[in-house]
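> my questions are about this predicted structure, shown below with the sequence.
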Amino acid sequence: MNKLQFLGGPLATAGLKTSGSASEARKLVDPSGSALPAHRTASKTSLYANFPLSLTARKVKEEADSRLCPGRKKPTMELRGWRFTSFLCVLLSLIFQASAFTHISTNLCKWCDQSNPVCEDNICMSNCNFSSFCTYTEEVCVAIWKKENESLSVQTLCHNPQHALENIVLPNTSSTECAMTSVPSENSILYLCSCIREHDCNDRLIFEKGANGFSRLQSKDVIPVVVLSLAPPLLVAVIATMAFYVYRTRHLSKQPKDWPPKRTHYQSLDPPQACAGEVNASDYHGKLLSLGEDANSDISSSCANSLNHNTEHLPIQLEALVGKGRFAEVWRARLNHSECGQYETVAVKIFPSVEYASWRNERAIFSDPNLKHENIVQFLTAEQRGGTASNPQRQYWLIMAYHALGNLQDYLVSHVLSWSQLCAMASSVARGLAHLHNDTTPCGTPKVPIAHRDLKSSNIVMKTNNECALCDFGLALRLDISLTVDDFANSGQVGTARYMAPEVLESRVNLEDLESFKQMDVYSMSLVLWEIASRCDAIGEVKSYEPPFGSKVCDQPCVDSMRDLVLRDRGRPDIPLSWTIHTGMQVLSATITECWDHDPEARLTAHCVLERFNSLAQEELETSAVFDPIPTSTVQQDSPLPSNCTEHDGGTAPACPSQTQAAADAQASTSLRALSEV
């Protein structure tokens, strides 16, 4: 170097210069007057030339400064404290950052105590706006879906699957999707799911396996692809439909005039007087021809309405409101016959748009042609009305036979029954329920059993003073053996609390056994039979009508009050001692008691109850014949074949696999009618 400068030192003040040679460097002196060694001078030079300094060089610098600059102070304790504080802050920040990265190994879950879900296509979104990392790595995301008293809520949280949640072990804790699993609950419908590894996986709740395309349905990129995929087959279908329509139109226009007229899509309920003398005397009175039935049926229509019901509504005029229930209103209406200027009275059950599910279920039940029976209310058709500019309010109609006597409950309020009338009415109720529960028709044709699930006196109509018919199938359930337990998962507490069986009140229905649903109906039927028996003069003094448990509960009891009465107290409607004096009433009382047994397996079946009434009627008929004999020819003449049975072409034997049992039931039914006339 040509020149050395020691900043801040006394040498700079004195203006000392050196030529860069080692000899001149050795002449440098320190403040005390002694010459500096050569290695000290070189160290000092390299120290200032290689800034910033290492720790070792920094110590050398401080030692040199202390020698060269005796007035300069060493670092104080305050400076050292500030350095320690800075170091501590850096260390703490590193610790916090490290703890934050530990959350990467835990699950990020939705966490809300309660939220209102949004559901579509068997998939519900929790609608929870708060997400949080789980505290521990073993915790999983959990969602609890609960429906209680028409209130729907979802709770989302983190939970350790090794511990039970509300006494429930979490199912399928290794899935990345939240597949809901039904959980038994006394007072509500409860579903539970758990999942891991996916952020907010408990936000999307899947209620059916395979239904995991909800998020993809929301993608805007998928919609054009779906439209383009469906457009060609839809176009082909439209062209084929138009071609078929044109062909049918031209073909029918060439139909000869001497061909028989086209049959209508429905059958007259109460055929009016002959129009141009075309009434067929063999027509079954009151029989209905439902939509889609065979046009070659032997049942012909008198004064037929030629309206094409596939494109137009039936010409119905509402007259008066005759009943109102939880789901719908029942109106008396006129079904006009445009060609004859006459009409027939029908019953129209009108559902509001919010009760579409009930209308759809009842329409599906009535659509089964094997449901037709003399003790099942007769069904005409179903229609959707409204939803237009002129009538924006959409309604759903069921059009059925009208019975002026009203329902059984109203009839019992104003009528006292004789013993023969009681037998006829009670057996018709049992016969209708037995037909619902049977897996075959009276002719042996296989059918799907049906559970009514809301059987009560107000859901039974009076066809005549001696015969009843079951109605209101909005809660009915088809007991198809192909259905699984999951399909029956929502078939718990339904119906009217007063008529609920103990196992329904307790939410202990065995969904794996289809007979459980039939046993629930039998319990409800026993209460209906008790109502009928309580208004019979055979028991002596007849009190005013009271519904079952009338004096023990309020007019509209809730499930909790009925649970206390039926389960805790084992309460049942009272059977007075006077009922056991009459021989027939004694048998009826025993039958009722066996039907409302607390153990569902111990209850009678509807078919067994019907057999008891048939035997009872036969005994009563034989007893009465001793005093007033009934001609045998009358009984044989009035014994019709079952309505669904047909005769062979070459004889009178019914083509019915179970003809013996069907004939026996028909004969017993005729005996009951004859007994009521006696």
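Alright, I've got the coordinates.

> run through who's touching stretch 557-577.
With contact meaning C-beta atoms under 8 Å, 6 or more residues apart in numbering, stretch 557-577 is reached by 493, 497-498, 500, 502, 505-506, 527, 530, 539, 548-549, 552-554, 589, 592-593, 596, 598. For every residue, glycine as well, the C-beta is placed using N, CA and C.

> mean confidence for it?
Across stretch 557-577, the average pLDDT comes to 92.

> which members of the contacts of stretch 557-577 are classed as buried?
Neighbour-count burial within these applies to 493, 497-498, 500, 502, 505, 527, 530, 539, 548-549, 553, 589, 592, 596; the criterion is 16 or more other C-beta atoms under 10 Å.

> tell me which two of these sit farthest apart.
With distance counted by C-beta to C-beta, no two of the buried ones among the contacts of stretch 557-577 lie farther apart than 493 and 539, which are 33.6 Å apart.

> residue 122 and residue 208 touch, don't they?
Yes - taking contact to mean C-beta atoms under 8 Å, the distance of 4.3 Å between residue 122 and residue 208 places them in contact.

> tell me which of these two has more neighbours.
More crowded of residue 122 and residue 208, by other C-beta atoms under 10 Å: residue 122, with 15 against 12.

> so in this structure, which strand runs the longest?
Using DSSP state E to define each element, the chain has its longest strand at strand 342-352.

> tell me the strands beside it, with direction?
Paired neighbours of strand 342-352 in the sheet (DSSP bridges): strand 329-337 (antiparallel), strand 395-401 (antiparallel).

> care to break this protein down by domain?
For the chain, the domain assignment from automatic domain parsing gives the residue ranges 10-74, 106-217, 220-249, 265-402, 403-642+652-677.

> kindly reformat those domains as CSV containing distance to residue 91.
CSV is the format used below for the domains of the chain (distance: least, C-beta to C-beta, whole Å):
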stretch, distance to residue 91
domain 10-74, 19
domain 106-217, 24
domain 220-249, 50
domain 265-402, 65
domain 403-642+652-677, 57
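
> for residue 86, find the nearest of these.
Proximity to residue 86, assessed across the domains of the chain by C-beta to C-beta, is greatest for domain 10-74 (16.5 Å).

> wait, which of the strands paired with strand 342-352 is closest to residue 418?
Shortest distance between residue 418 and the strands paired with strand 342-352, using C-beta to C-beta, is found for strand 395-401: 25.9 Å.

> report the rounded mean pLDDT for the closest one.
Rounded to a whole number, the mean pLDDT of strand 395-401 is 94.

> residues making contact with it?
With C-beta under 8 Å, 6+ apart as the criterion, strand 395-401 contacts 269, 286, 288, 314, 316, 328, 333, 335, 346-353, 355-356, 359-360, 362-363, 366, 377-386, 471.

> list buried residues within those.
The neighbour-count test (16+ other C-beta under 10 Å) marks 269, 288, 314, 316, 328, 333, 335, 346-352, 355, 359, 362-363, 366, 377-383, 471 as buried among those.

> follow-up on the earlier one: looking at the buried ones among the contacts of stretch 557-577, which are in helices?
The helices in this structure, assigned by DSSP state H, contain 502, 505, 527, 530, 589, 592 from those.

> and which of the residues you listed is nearest residue 145?
Distances from these to residue 145 were compared by C-beta to C-beta; the smallest belongs to residue 505, at 23.2 Å.

> which residue, other than its chain neighbours, is closest to the closest one?
For residue 505, ignoring the flanking residues on the chain, the nearest one in space by C-beta to C-beta, 6 or more residues apart in numbering is residue 563 at 4.5 Å.

> what about that neighbour, how many neighbours?
Taking other C-beta under 10 Å as the criterion, the count of residues near residue 563 is 21.

> next: the one 10 residues further on.
Residues contacting residue 573 under the criterion other C-beta under 10 Å number 19.

> in helices only, show me the contacts of strand 395-401.
Per DSSP H, helices hold the following members of the contacts of strand 395-401: 356, 359-360, 362-363, 366.

> quick check: of the residues you listed, which lies closest to residue 323?
Checking the ones in helices among the contacts of strand 395-401 against residue 323 by C-beta to C-beta gives residue 362 as the nearest, at 14.9 Å.

> tell me how far the closest one lies from residue 551.
When distances are taken as C-beta to C-beta, to the nearest Å, residue 362 and residue 551 turn out to be 33 Å apart.

> what's the neighbour count on residue 571?
Residue 571 has 14 neighbouring residues, counting by other C-beta under 10 Å.

> and the residue nearest to residue 505, what element?
Taking DSSP states H and E as the definition, one finds residue 563 inside helix 559-563.

> show me where the stretch 151-300 of the chain has strands.
Under the criterion DSSP state E, counting those that start in this stretch, the stretch 151-300 of the chain carries strands at the ranges 151-159, 178-179, 181-183, 189-195, 204-206.

> deepest in the core, which of the ones you listed is it.
strand 178-179 (a mean of 24; mean count of other C-beta atoms under 10 Å).

> what mean pLDDT does that one get?
Model confidence over strand 178-179 averages 90 on the pLDDT scale.

> direction included, what does it pair against?
In the sheet containing strand 178-179, its partner strands are strand 204-206 (parallel), by DSSP bridges.

> neighbouring contacts of the strand it pairs with?
The set of residues external to strand 204-206 that reach it, using C-beta under 8 Å, 6+ apart, is 117, 122-126, 143, 145, 154, 177-180, 191, 193, 212, 214-215.

> switch to 6 Å and redo it
Counting contacts by C-beta atoms under 6 Å, 6 or more residues apart in numbering, the residues outside strand 204-206 that touch it are 123-124, 143, 177-180, 212.

> can you put these in JSON lines and add distance to residue 105?
JSON lines is the format used below for the contacts of strand 204-206 (distance: C-beta to C-beta, whole Å):
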{"residue": "123", "distance to residue 105": "29"}
{"residue": "124", "distance to residue 105": "29"}
{"residue": "143", "distance to residue 105": "22"}
{"residue": "177", "distance to residue 105": "21"}
{"residue": "178", "distance to residue 105": "20"}
{"residue": "179", "distance to residue 105": "24"}
{"residue": "180", "distance to residue 105": "27"}
{"residue": "212", "distance to residue 105": "26"}
